[in-house]
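# pasting the structure only:
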């Protein structure tokens with residue numbers, strides 16, 4: 001019996017050792033809900049990346065990008081994330097200040113971004129411009145400027161909370177850049193609050209509310225009408241083009257310093273720039289690709305707009321703007 005027991009022990013050890021040796025490394029990616037939804041690009045990216053990485057890629061979604069960043073800062077060095085996908089150029093300064101993100105060894109080539117990208121920590125994967133979307137069959141006289149949108153009390157508006165949403169944060173920066181010279185921002189936020197239906201936590205719920213007819217206009221992107229054209233053969237939803245110009249959002253991925261999977265994380269960031277990945281992101285996330293290449297003719301048919309040259313606001317200035325916004329809308 002001792003011989004049998006010994007033999008079984010050896011077999012068990014061999015099986016356990018073999019299982020351990022073939023166990024796939026796990027790459028945890030924090031992102032926002034629409035990116036990881038059934039309509040978003042995450043599932044297709046996951047399937048394609050796992051074919052080449054021989055790993056287990058796991059997307060862990062949060063309500064929105066700011067909530068995701070706040071979670072990473074709260075978790076600090078103990079975060080489960082190896083990579084975050086969904087920081088943007090208007091939350092980049094706050095992410096940088098946290099000291100939690102590592103420089104990568106990647107270089108940008110053949111970028112389609114209309115700006116020169118400088119950061120070696122935050123890696124762009126798509127971009128678009130903020131815009132308010134409306135149904136042209138229901139709203140015959142859309143506002144021609146951001147100022148007019150804030151002033152027109154007959155418009156029902158929905159936008160995202162700048163404390164939790166990167167899209168809402170974009171409006172905060174956009175409004176302060178365009179309207180601050182017109183007087184105190186508090187009066188502008190108070191004016192908008194009078195005809196705001198709701199301020200939602202994130203993009204998904206606010207855009208969904210707009211589609212249900214709860215508002216005349218919703219804050220989104222100049223590319224958002226492409227979704228309806230690509231998947232619904234519908235061109236009724238269009239972007240209002242404002243004479244002051246529009247801010248451009250660049251969405252970013254970054255590697256955590258605490259990650260134990262840095263080579264795999266770098267491989268994933270490079271993978272985001274592969275032609276097929278860029279096509280998946282553009283068609284599922286409804287944004288513009290950052291790498292030059294043919295995606296879809298409709299992307300090149302978008303209306304020409306004035307793009308504002310916006311600097312990244314520092315974290316202290318953003319906190320002041322948030323405090324001013326919250327005080328004004330709570331009156």
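Happy to help now that I have it. Note that the coordinates shown come from a computational prediction; the quantities given were computed from them, not determined experimentally. Numbers count the residues shown, from 1 in each chain.
# For beta bridges, what are the partners of residue 126?
The partner list for residue 126 in beta bridges (DSSP bridges) reads residue 251, residue 289.
# all strands for this protein, in order.
26-32, 56-62, 83-88, 101-102, 123-135, 157-160, 196-200, 217-221, 237-240, 248-256, 288-289 (DSSP state E).
# With residue 110 as the reference, name the closest of these.
Smallest distance to residue 110 across those (C-beta to C-beta): 10.5 Å, for strand 288-289. (Each C-beta comes from the backbone N, C-alpha and C, glycine too.)
# still on that earlier bit, mind putting the strands of the chain in TSV, mean neighbour count and mean pLDDT included?
Shown next, in TSV, are these (neighbours: other C-beta atoms under 10 Å; pLDDT from 0 to 100):
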stretch	mean neighbour count	mean pLDDT
strand 26-32	23	97
strand 56-62	18	97
strand 83-88	27	97
strand 101-102	20	98
strand 123-135	23	97
strand 157-160	26	98
strand 196-200	19	96
strand 217-221	26	98
strand 237-240	21	97
strand 248-256	24	97
strand 288-289	24	96
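# between those, which one is nearest to residue 329?
Nearest of the strands of the chain to residue 329, taken as C-beta to C-beta: strand 196-200 at 7.0 Å.
# quick one: low-confidence ranges for this structure?
Scanning the chain for pLDDT under 70 picks out 1-22.
# Domain map for it?
Per the record, the chain has its domains at 26-127+249-301, 128-247+306-330, by the TED database.
# contacting residues around the residue most central in space within the chain?
Centroid-nearest residue in the chain: residue 86, 4.0 Å away (criterion: C-alpha atoms, centre = their mean). By C-beta atoms under 8 Å, 6 or more residues apart in numbering, the contact list for residue 86 reads 30-32, 35, 65, 68, 166, 251-253.
# and what of residue 42?
Residue 42 makes contacts with 31, 35-36, 59, 61, as judged by C-beta under 8 Å, 6+ apart.
# Look up how far residue 35 lies from it.
6 Å (C-beta to C-beta, to the nearest Å).
# overlap in contacts of the two?
Contact with both residue 42 and residue 35 is made by residues 59, 61, according to C-beta under 8 Å, 6+ apart.
# ok so, going back, reformat the contacts of residue 86 as TSV; add distance to residue 285.
Shown next, in TSV, are the contacts of residue 86 (distance: C-beta to C-beta, whole Å):
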residue	distance to residue 285
30	16
31	10
32	10
35	6
65	12
68	15
166	13
251	8
252	13
253	12
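# any idea which of those is closest to residue 130?
Distance to residue 130, by C-beta to C-beta, is smallest for residue 166 among those, at 10.2 Å.
# how close does the closest residue to the closest one other than its chain neighbours get to residue 305?
In space, and not counting its chain neighbours, residue 166 is closest to residue 65: 3.8 Å by C-beta to C-beta, 6 or more residues apart in numbering. Distance of residue 65 to residue 305, computed by C-beta to C-beta: 23 Å.
# Could you do residue 112 as well?
Taking C-beta to C-beta as the measure, residue 112 falls 16 Å from residue 305.
# Repeat that for residue 296.
Between residue 296 and residue 305 the computed distance is 19 Å (C-beta to C-beta).
# can you check residue 78 too?
43 Å.
# before we move on, what about residue 320?
In terms of C-beta to C-beta, residue 320 sits 29 Å off from residue 305.
# More neighbours: these two, which one.
The neighbour comparison of residue 320 against residue 305 (other C-beta atoms under 10 Å) goes to residue 305, with 16 against 12.
# those helices in the protein, which residues are they?
Assigned by DSSP state H, the helices in the chain fall at 2-22, 33-36, 42-53, 65-75, 92-98, 146-151, 166-179, 185-193, 203-211, 224-232, 262-271, 275-285, 297-300, 315-329.
# for residue 240, what are its contacts?
Contacts for residue 240 (C-beta under 8 Å, 6+ apart) come out as 131-134, 142-144, 149, 217.
# meant to ask about residue 52, not that
Taking C-beta under 8 Å, 6+ apart, we find residue 52 in contact with residue 271.
# can you do 10 Å?
Residue 52 is in contact with 267, 271, 274, counting by C-beta atoms under 10 Å, 6 or more residues apart in numbering.
# same question, residue 48
Contact analysis of residue 48 by C-beta under 10 Å, 6+ apart lists 57, 271, 274, 276-277, 280.
# Where neighbours are concerned, which of those residues has the most?
Among those, residue 57 has the most neighbours (other C-beta under 10 Å), with 23 neighbours.
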